[in-house]
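[1] Structure for the following, please:
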Amino acid sequence: MTAAVVLTSVSAPVADHVLVVALDGALDYTNAERLRRDVEAALGEEHRELVLDLGGVNFCDSTGIRILLSVRKLMQERDGAVTLAALNARLARIFRITGLISAFTVAPDLAGALDAVGARSTPR
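    The predicted structure is shown next:
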């Protein structure tokens, strides 16, 4: 596929327990493990909520989806959650068809994701 997906911290008005990152590029078997490591490295002990802005992801294969599930499991082990924002139509369809749409909180855009996180969480 193409070059590795790039993970960028997003500056947003959120509580300290929330980490917001944007992904850009193709998420596939060639770079999914690197993404997992990058997300783990970005997460601090204080983070209980992770918002992934997927608006810049133009491709995601099954390995990419497996990594998203792995990140979800990591956050659940921390008593936290993952919110996905701005899935493109193709990725949203894959999540709906596979039933994974119910495994995550999904928002149409970053603002909606931040609203969802704010509505369900308080710092622990």
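[2] would Val21 count as being in a helix?
    No. Secondary structure of Val21 (DSSP: H, G, I helix; E, B strand; the rest coil): strand, not part of a helix.
[3] my read: it touches Val6, true?
    No. Using Cβ atoms under 8 Å as the test, Val21 is too far from Val6 to be in contact (9.9 Å). Quick note: C-beta positions are derived from backbone N, CA and C, even for glycine.
[4] more crowded one of these two?
    Val21 (18 against 14; other Cβ atoms under 10 Å).
[5] show me the residues around Leu68 that make contact.
    Going by Cβ atoms under 8 Å, 6 or more residues apart in numbering, Leu68 touches Leu52, Val82, Leu84, Phe104.
[6] and the longest strand anywhere in the chain, what other elements does it pack with?
    When the chain is parsed with DSSP state E, its longest strand is strand 49-60. Counting by 3 or more Cβ pairs under 8 Å, 6 or more residues apart in numbering; DSSP states H and E, the packing neighbours recorded for strand 49-60 are strand 18-27, helix 62-77, strand 81-85, helix 89-98, helix 110-120.
[7] what comes into contact with the fourth one?
    Under the criterion Cβ under 8 Å, 6+ apart, residues Leu54, Val57, Cys60, Ile65, Leu87, Leu100, Ile101, Phe104, Val106 lie in contact with helix 89-98.
[8] how about 7 Å then?
    Leu54, Val57, Cys60, Leu87, Ile101 (Cβ atoms under 7 Å, 6 or more residues apart in numbering).
[9] Please tell me I have it right and Phe59 contacts Ala26.
    Yes. The criterion here is Cβ atoms under 7 Å, and Phe59 meets it with Ala26 at 4.0 Å.
[10] The two: which is more packed in?
    Neighbour count, other Cβ under 10 Å: between Phe59 and Ala26, Ala26 has more, with 18 against 15.
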